[in-house]
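[1] I'll drop the sequence and a predicted model, then ask my questions.
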Amino acid sequence: MKAEYINPFISAAVNVFQMMLGVTPQKGQLSARRGMFTSQQCNIVLGVTGQLEGQIIIGMSIFTADKIASKMLGTTIRTFDELAASAIAELGNMISGAALTELAARGIQCNLSPPSLIRGTNVRISTLEIPTLVVPLQTEMGDIEINVGLSERAK
């Protein structure tokens, strides 16, 4: 996968976390996977279509999701309910939307599917066999894992 496809997601995540949560994530070591995979407890899954196609999965622990949703909603989340799920899904929308806006500015036009939120313990999400780059982000709220699996659409 080209760096020009992954960098917008990194910069978008940093910007959204700074703007919405008041924290600056630290990027960890990028890694590659043969396919799209995550075993996090709370996952935002977004499909991408257009000149690029594939998926984005933003994963985190339930503990981290509770902290992020609490900050976004301005109240302490005690039970991860529909309002908290909506806040976390919106976080995924903001990050992916900002990244696709940056790609569009470079002449790469794509669309996002509505986010799906998948949560639970011992849940394994495995989807397309598109090579995936994994961007770990460390924050004071917990660790986030952004999985970007995009390929150029066959012409």
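    Thanks, I have it. Numbering: from 1, shown residues only.
[2] Now find how far off-centre the top strand by length along the chain is within its chain.
    If you go by DSSP state E, the chain has its longest strand at strand 142-152. Relative to the centre of its chain, strand 142-152 is centred 6 Å away, using CA atoms, centre = their mean, to the nearest Å.
[3] And it, what does it pack against?
    Here strand 142-152 touches helix 3-16, strand 37-38, strand 52-60, helix 62-73, strand 132-139, going by 3 or more CB pairs under 8 Å, 6 or more residues apart in numbering; DSSP states H and E. Any C-beta I mention is one placed from the backbone N, CA and C, and that applies to glycine too.
[4] do you know how far residue 71 is from residue 77?
    According to CB to CB, to the nearest Å, residue 71 and residue 77 sit 9 Å apart.
[5] So what touches the lengthiest helix in the chain?
    Using DSSP state H to define each element, the chain has its longest helix at helix 82-105. Outside helix 82-105, the residues that touch it by CB atoms under 8 Å, 6 or more residues apart in numbering are 4-5, 8-9, 11-13, 15-16, 20, 42, 44, 46, 48, 52, 56, 58, 65-66, 68-70, 72-73, 77, 109-112, 115, 117, 119, 146.
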